[in-house]
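Visitor: Sequence first, then the predicted structure, then my questions.
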Amino acid sequence: MSEDIQKFTVTIDGESIQVAPGTTILNAARQIGGKIVPPAMCYYSSLKGSGGKCRTCLVEVSKGSEKDPRPMPKLVASCSTTVMDGMEVKNITSSKVLDARKGVVEFLLLNHPLDCPVCDQAGECHLQDLAFEHGVAKTRYEFKRREFDKVDIGEYIKLHMTRCILCYRCVYTANQLTDSREHGVLKRGDAAEIGTFIEKNLKNDFIGNVIDVCPVGALTDKTFRFRSRVWYTKPVDANCQCTKCSGKAVLWMIGDEVARVTARKDQYGEVKEFICNECRFDKKDASKWNIEGPRKINRHSVISANHYEQPIPEHTTLLNKA
Amino acid sequence: MTRKLLLANDHIEGIQSYDVYRKNGGYAAVEKALKSMSPDDIVEEVKKSGLRGRGGAGFPTGMKWSFLAKPEGVPRHLLCNADESEPGTFKDRYLMEKIPHLLIEGMILSSYALGANQSYIYIRGEYMYVLRILEKAIQEAYNNGWLGKNILGSGFDLDLAVSPGAGAYICGEETALIESLEGKRGNPRMKPPFPAVQGLWQRPTVVNNVETIAAVVPIINEGGDAYASIGIGRSTGTKLISASGNINKPGVYEIELGVSVEEFIYSDTYCGGIKNGKKLKACVPGGSSVPILPHYLVCKTAEGNDRLMTYESLADGGFATGSMLGSGGFIVYDEDQCIVRNTWNFARFYHHESCGQCSPCREGTGWMKKVLHNIETGKGKMEDIDLLWEIQSKIEGNTICPLGDAAAWPVAAAIRHFREEFEWHVKEPILSQERNYGLVSEKKFENVNA
């Protein structure tokens, strides 16, 4: 009985919504949608335990709840704080939040190399988007950034730890989609690195998904690495009969050739249905797939810059004008 | 003369062993509690005593205990936090090393009060020899029927185990301690859920400092009201202070809360004054993470009242002119000490100990360390001081656990009170090097003056 479930009213930046108890502030904001959604670099809705680490989603709770209207003393991570009835949250309307977020972006970029032009993730990198929106143009850090050698972790996956922002998403993915715990974090502080102990290979059927969950270019697909910039490829939705996974994927085409296969990401860059390694790495042949049609990509994304003469009308007009 | 409750017997030869401890009134509190008190009576006594957590935050222990969730059929746990790693704090080590049975007695009482049948002492990995002392004492307690099944025929079972950490300061944070005890990487958890609801193995858990648990013994022996009669206001009872730095008599002192700071530093009962007749420059009253106080704020508050060794008086004036009692790591600096070098040293510690889970602390602590190192070694710029201020303000309050705050506060306080010294380091790089290291040749020194 849906009426029996008591819903909580939460107001985010002046917009109210009714959500089920136990919803986090971030998910409530996503239900409202639009500009008020806090950015998230480590939270991943389908991974249990993720979130709370990157601190980009910090928000100000100006009213705790209807019962206890006191504001929360500190900024809270919206991805892991659940809503209370009558809670009032300030995200982009709070200067404190924007200031703190700017600080977090600066911290995240501190040890991240600023070499987007040679990075394979450029164009679909969450950190790039985040820095563009919230960051400052100039770095104040004048010391050497941390550097690591590139490591092969498995047949198909390349780890370039230098780019890692330690969001722990891949660790949760490896732990939750696979049987044994193969992948974790070694060392601590800013020396911490993700990895498999003694360069063990990651061989599990679903381990390829760590590439999709990585918000930056730390984990990349060796079968696609440096073959093409992402905006020169054309994404199409496709499916196949697969006994291991749902078979729903995105093919990134160069002409008629399948350059890369990934899972489908939603507007927040999250994969809902993970795909298996076989679909991801071995089916690089368009004849093995049922093509559903072009994938819709946000027209502001650089990925859509080069494509779609036909499918999305508004985009075509934009191109024609230009 | 101050009353001693915890360290009253520490001078007795062989007090480490069970027989001597028992002869000197040991385990009387357990006898009294198990025979004549209910668990709720003990919680009530602790509430009456006004005992506050001795680990640093100063949260009322009785209140913490009453928050413990008690769902049917779910075991509860008591954890003793002996992961004492704060620079300047060494009181728990002294207590465990000298009178291990006092901690065990406190653990039995507290576990009984909370209904915990399996309790753990999580000890710092570097204290391996203390772990052996504790294990020997626990074995003695088992042999004499103070631990195990049906203690004193009361029907209460308790198993006690000691577990060592692997050398991480962060595991002193209660949720990181729980993770580490579960065998995982010692990363602090997000709160809520609080450990009182979901702690060790998702069961309700209380984590208390060694000294807090030990203080339950005199509270049961003498009654909560008698304990509360010592001290001033909401700071009741006695506190162990680890005094270090440029003083004549460094060491662990048990003080009645409410002793004045001036008396603590200068009287012969305690620190015995500044070493070599020098002048006081600054003081960190509660372990490295609390703000440093300049000499004019150590003995008097900003309003001119005497500063006392209590939670309230040391915090008087907030962070602008006050500090915190913290864990009681009392570090005294004389006029020769360099605050920039000291701040760099603290920043280096927090950088090394950051777990690396959340980004402000992981990246910010390292950045502060590097900037401070530049200033300290004469490569600093004036903007660096403002930059430091900015970095610490971006870390403070924005992290999962209090380590971020602990890293930011000392830097903030040092800049707040000793900005001139930072500026002097930038303006006079060679002179400041000369003072701290004495490595600059005379020739260069002349050039600077010319």
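Guide: Cool, the structure landed. All values derive from a computational prediction rather than experimental measurement. Residues are numbered from 1 along each chain as shown, chains lettered A, B, ... in the order given.

Visitor: And the pLDDT at residue 203?
Guide: I went with chain A, as the question did not name one. Looking at A:K203, its pLDDT reads 72.

Visitor: nope, chain B please
Guide: 94.

Visitor: Tally up the residues packed near it, please.
Guide: Using other C-beta atoms under 10 Å in any protein chain shown, B:R203 is surrounded by 18 other residues. Yep, even glycine has a C-beta here, placed from its N, CA and C like the rest.

Visitor: quick one: contacts of the helix or strand containing B:N345?
Guide: Counting by DSSP states H and E, the element that carries B:N345 is helix B:339-353. Contact with helix B:339-353 is made by A:188-190, B:85, B:87, B:168-170, B:281-282, B:288, B:292, B:333, B:365-366, B:368-369, B:372-373, B:375-376, B:403, B:406-407, B:410-411, B:414, B:418, B:421-422, B:425, B:432, B:436, as judged by C-beta atoms under 8 Å, 6 or more residues apart in numbering or on different chains.

Visitor: Kindly report the same for stretch B:180-198.
Guide: Stretch B:180-198 is touched from outside by A:51-52, A:77, A:80, A:184-185, B:64, B:67-69, B:79, B:120, B:122, B:163, B:165-166, B:168, B:170-171, B:173-179, B:200-201, B:204-207, B:355, B:357, B:400-401, B:403, with contacts defined as C-beta under 8 Å, 6+ apart.

Visitor: Show me what counts as buried in the longest helix seen in chain A.
Guide: Longest helix in chain A, counting residues (DSSP state H): helix A:95-110. For helix A:95-110, a neighbour-count test (16 or more other C-beta atoms under 10 Å in any protein chain shown) marks A:97, A:100-101, A:103-110 as buried.

Visitor: sorry, back to before: what about the contacts of helix B:339-353, which are in strands?
Guide: In strands, defined here by DSSP state E, the members of these are B:281-282, B:333.

Visitor: related to what we said a few turns ago, chain B next: which of the buried residues of helix A:95-110 are close?
Guide: A:100, A:103-104, A:106-108, A:110 (C-beta under 8 Å from any C-beta of the partner chain).

Visitor: Greatest separation within these: which pair is it?
Guide: A:A100 and A:L110 (15.4 Å; C-beta to C-beta).

Visitor: In the stretch 51-200 of chain A, what residue spans correspond to helices?
Guide: In the stretch 51-200 of chain A, the segments counted as helices under DSSP state H, counting those that start in this stretch are A:95-110, A:126-134, A:169-177.

Visitor: Ignore what I typed, I meant the stretch 201-322 of chain A.
Guide: All helices of the stretch 201-322 of chain A, identified by DSSP H, counting those that start in this stretch, fall at A:209-213, A:277, A:313-321.

Visitor: cool, the stretch 101-250 of chain B as well?
Guide: Using DSSP H, counting those that start in this stretch, helices in the stretch 101-250 of chain B cover B:128-143, B:174-181, B:210-222, B:224-228.

Visitor: Next: the stretch 251-400 of chain B.
Guide: Assigned by DSSP H, counting those that start in this stretch, the stretch 251-400 of chain B shows helices spanning B:261-266, B:295-298, B:311-314, B:318-321, B:339-353, B:359-376, B:382-395.

Visitor: Please see if the fourth one touches chain A.
Guide: No: using C-beta under 8 Å from any C-beta, we find that helix B:318-321 stays clear of chain A, coming within 13.8 Å at best.

Visitor: neighbours of the closest residue to A:V61 other than its chain neighbours, just the number please.
Guide: Nearest non-adjacent residue to A:V61, counting by C-beta to C-beta, 6 or more residues apart in numbering or on different chains: A:M72, 4.1 Å away. Residues near A:M72, counting by other C-beta under 10 Å, number 15.

Visitor: Repeat that for B:Y129.
Guide: 10.

Visitor: B:G364 too?
Guide: Neighbours around B:G364, by other C-beta under 10 Å: 32.

Visitor: likewise A:I157?
Guide: Using other C-beta under 10 Å, the number of residues around A:I157 comes to 25.

Visitor: Hmm, A:G208 and it touching each other?
Guide: Yes: counting by C-beta atoms under 8 Å, A:G208 is a contact partner of A:I157 at 7.1 Å.

Visitor: Residue numbers of the stretch 351-450 of chain B in contact with chain A?
Guide: Residues of the stretch 351-450 of chain B lying close to chain A (C-beta under 8 Å from any C-beta) are B:351-360, B:362-367, B:370, B:387, B:394, B:397-400.

Visitor: Tell me where the model's unsure across the chain.
Guide: Since no chain was named, I'll use chain A. A:1-4, A:197-202, A:299-300, A:304-322 (pLDDT under 70).

Visitor: my bad, the chain I had in mind was chain B
Guide: By pLDDT under 70, the weakly predicted segments of chain B are B:1, B:439-450.

Visitor: Can you tell me which residue is spatially central in it?
Guide: Chain B has B:S327 as the residue nearest its centroid, 2.6 Å off, counting by C-alpha atoms, centre = their mean.

Visitor: ok, it - contacts?
Guide: Each residue near B:S327 by C-beta under 8 Å, 6+ apart is listed here: B:54-56, B:84, B:86, B:89, B:91, B:209, B:286-287.

Visitor: The residue in the stretch 201-350 of chain B positioned nearest to chain A: neighbouring residues, count only.
Guide: Residue nearest to chain A within the stretch 201-350 of chain B: B:Y350 (9.0 Å; C-beta to the nearest C-beta). B:Y350: 27 surrounding residues under other C-beta under 10 Å.

Visitor: burial count for B:G165?
Guide: A total of 23 residues lie near B:G165 under the criterion other C-beta under 10 Å.

Visitor: Then B:E263?
Guide: By other C-beta under 10 Å, 16 other residues sit near B:E263.

Visitor: Hmm, it is touching B:Y270, no?
Guide: Yes: applying C-beta under 8 Å as the test, B:E263 and B:Y270 come out as touching, 7.1 Å apart.

Visitor: Count the residues that sit near B:L158.
Guide: By other C-beta under 10 Å, the residues close to B:L158 number 20.

Visitor: what is it paired to in the beta sheet?
Guide: Note on B:L158: beta-bridge partners B:G148, judged by DSSP bridges.

Visitor: isn't it right next to B:A113, touching?
Guide: No: B:L158 lies out of contact with B:A113 (C-beta under 8 Å); the separation is 11.5 Å.

Visitor: give me phi/psi at the residue of the stretch 101-250 of chain B found nearest chain A?
Guide: Nearest to chain A, among the residues of the stretch 101-250 of chain B, is B:M190, at 4.5 Å (C-beta to the nearest C-beta). The phi/psi pair for B:M190 (degrees, to the nearest 10) reads phi -80, psi 140.
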